[in-house]
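In: Please find the sequence and the predicted model below.
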Amino acid sequence: MSIILTSFLLGFLGSWIVLKYGGRIGAIDIPTSRSSHFGKVPKGGGFGILAAFVLLSLILEIPIWIWIPAVIMSLISFWGGDKHCLSVKQRLLIHFGCSLFFSIFFLYSKQFGFGSYMICLPISVFIVGTANFYNFMDGIDGIAGITGFIGFSLMAFYGRISGMDPVYGVLSLSMAFACLGFLCFNFPKAKIFLGDVGSILLGFLFACLIIVLSEDLVDFFVMAGFLAPFYFDEIFTMIFRIRDRDSLITPHRKHIYQILVNEARVGHCKVSLGYGLLQLIIGVSAIFIKPAGLFFLLGTYLIYGLIFTCFSIMIRRKFPLNEN
């Protein structure tokens with residue numbers, strides 16, 4: 001319990017410190033035509049979550065091949081993303097390097113045969129994709145923090161009922177409460193943003209925990225479902241952008257959550273809570289459907305995906321995008 005409370009306090013204090021002194025290190029978000037907010041807001045609130053993660057990793061003796069690449073990803077993301085010192089291609093190269101480091105040492109720890117190292121690439125693609133999806137979806141007040149709180153809480157619960165290593169359950173629940181500490185300054189009205197330092201960390205760590213804790217494909221897809229709204233929105237947005245022949249590496253505001261806030265004029269609070277509720281419903285559904293097997297689990301995701309697709313098409317038609 002003390003570890004969880006400490007994580008909450010670090011998430012809270014880290015946000016407070018950046019809120020107070022962020023301007024001195026240039027950690028300020030200046031709105032553009034693609035932004036969903038107005039006025040300058042400090043960013044880098046994820047430093048408190050990062051501090052909690054490092055402390056937890058040392059106390060819980062988390063393998064170094066998990067937390068070292070996660071910390072590197074987080075810090076590079078602050079330097080290269082929040083301060084705009086690296087191009088998208090440079091950041092992706094670093095992301096893949098850290099993900100491959102994790103993948104190789106994970107497989108080595110499991111004592112898999114040489115042939116198993118062929119899956120290093122798909123594992124890395126999944127981790128890099130999840131980390132960047134999380135980053136792309138961090139665009140309105142509360143959405144990343146709420147998703148982090150619910151996602152890591154679901155993972156802790158699933159790990160407990162499945163008899164997985166309790167160390168990772170404590171880590172997951174503590175990260176959830178670190179997100180809650182950050183939310184004190186980010187929701188319902190953001191005084192500070194998470195920043196790449198936090199969003200990339202949360203996405204990377206979540207993907208790594210899925211890989212580490214999965215005993216089979218059913219486990220993998222159950223836990224991946226804990227971030228389903230983020231996956232749905234990002235994947236379907238990519239499909240629409242490919243259809244429109246947009247570059248996938250250029251900034252935009254074509255996610256459904258952005259259209260709801262910017263074009264439909266739905267409040268940040270309502271959209272973020274709506275995504276959190278959908279995340280909770282899908283996550284709980286996945287846990288209960290697990291005993292039925294992979295076929296029924298994927299079928300359930302297909303149904304949710306079709307519903308989200310229909311909703312996405314309806315919103316895009318009703319509220320045409322205005323990026324000017």
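Out: Okay, I see it.
In: How much space separates the closest residue to F230 other than its chain neighbours from D219?
Out: Spatial nearest neighbour of F230, chain neighbours left out: M137 (4.8 Å); criterion: C-beta to C-beta, 6 or more residues apart in numbering. Just so you know, the C-beta spots here come from the backbone N, C-alpha and C atoms, and that holds for glycine as well. According to C-beta to C-beta, to the nearest Å, M137 stands 24 Å off from D219.
In: again with P251
Out: Here P251 is placed at a distance of 35 Å from D219 (C-beta to C-beta).
In: do I200 as well
Out: 24 Å.
In: so how far is the helix ranked longest in the chain from its chain's centroid?
Out: Assignment by DSSP state H gives helix 294-318 as the longest helix of the chain. How far helix 294-318 lies from its chain's middle: 20 Å, per C-alpha atoms, centre = their mean, to the nearest Å.
In: counting contacts, what elements does that helix pack onto?
Out: Packing contacts for helix 294-318, counted by 3 or more C-beta pairs under 8 Å, 6 or more residues apart in numbering; DSSP states H and E, involve helix 217-224, helix 228-243, helix 256-262, helix 268-289.
In: Would you map the helices across the chain?
Out: Using DSSP H, the helices of the chain run over 2-21, 46-60, 64-77, 88-109, 120-136, 143-161, 166-183, 196-213, 217-224, 228-243, 256-262, 268-289, 294-318.
In: mind putting the ones you listed in JSON lines, distance to A190 and mean neighbour count included?
Out: Below are these laid out as JSON lines (distance: least, C-beta to C-beta, whole Å; neighbours: other C-beta atoms under 10 Å):
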{"stretch": "helix 2-21", "distance to A190": "10", "mean neighbour count": "19"}
{"stretch": "helix 46-60", "distance to A190": "13", "mean neighbour count": "22"}
{"stretch": "helix 64-77", "distance to A190": "19", "mean neighbour count": "20"}
{"stretch": "helix 88-109", "distance to A190": "24", "mean neighbour count": "17"}
{"stretch": "helix 120-136", "distance to A190": "16", "mean neighbour count": "20"}
{"stretch": "helix 143-161", "distance to A190": "9", "mean neighbour count": "24"}
{"stretch": "helix 166-183", "distance to A190": "10", "mean neighbour count": "24"}
{"stretch": "helix 196-213", "distance to A190": "13", "mean neighbour count": "27"}
{"stretch": "helix 217-224", "distance to A190": "28", "mean neighbour count": "19"}
{"stretch": "helix 228-243", "distance to A190": "18", "mean neighbour count": "18"}
{"stretch": "helix 256-262", "distance to A190": "12", "mean neighbour count": "22"}
{"stretch": "helix 268-289", "distance to A190": "8", "mean neighbour count": "18"}
{"stretch": "helix 294-318", "distance to A190": "23", "mean neighbour count": "14"}
